[in-house]
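>>> Only the shape, not the letters, is given here:
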């Protein structure tokens, strides 16, 4: 089992950057597939990015490709989401998630979730 805690959210102007972190506690962090999802007010939670053990197994939603970068530091049990060129439509609560097995991009496939961190992008 793994516990997840997000941090790094905040208020930023359009065009700015933020880096989210997801700290994991528990065993065998490196064996988990890690993902980021987000939920805007009044909307469903959607996939943002996911990464397996290696950089070769990295996936992004089309809406964030070229702007967001997911990474992980297995030695620190931490995952990151670097968000650049932020847009007002990126405003949402961002959640990190974990699962065992292969990389997936739907929230139903993830078993462990953090509490979320708010990202607000002003125009």
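Structure's in. What do you need? On a predicted model such as this, the values are computed, not experimentally measured, just so you know.

>>> Every contact and neighbour count from this point should use C-alpha atoms.
OK.

>>> Please point out which parts of stretch 102-111 sit buried.
103, 104, 105, 107, 110 (16 or more other CA atoms under 10 Å).

>>> just checking, the second one touches residue 50?
Yes. Under the criterion of CA atoms under 8 Å, residue 104 is in contact with residue 50, at a separation of 7.4 Å.

>>> Within the helices and strands, which one has the residue most central in space within the chain?
Centroid-nearest residue in the chain, with CA atoms, centre = their mean: residue 36, separated by 2.4 Å. Counting by DSSP states H and E, the element that carries residue 36 is strand 32-39.

>>> how distant is stretch 113-123 from the center of its chain?
Its chain's average C-alpha position is 10 Å from that of stretch 113-123, according to CA atoms, centre = their mean, to the nearest Å.

>>> And stretch 9-24, by the same measure?
Put simply, stretch 9-24 sits 11 Å off its chain's centre (CA atoms, centre = their mean).

>>> Name the surrounding residues that touch that stretch.
Stretch 9-24 is contacted by residues 2-8, 77-88, 96, 114, 117-123 when judged by CA atoms under 8 Å, 6 or more residues apart in numbering.

>>> Would you mind checking these for buried ones?
Buried members of those, scored by 16+ other CA under 10 Å, are 2-7, 77-81, 83-84, 86-87, 96, 114, 117-122.

>>> Just give the number of residues close to residue 50.
For residue 50, the tally of surrounding residues (other CA atoms under 10 Å) stands at 26.

>>> need the contact list for it.
When contacts are taken as CA under 8 Å, 6+ apart, residue 50 is in contact with 33, 34, 35, 36, 58, 59, 60, 70, 103, 104, 105.

>>> Alright, calling it a day.
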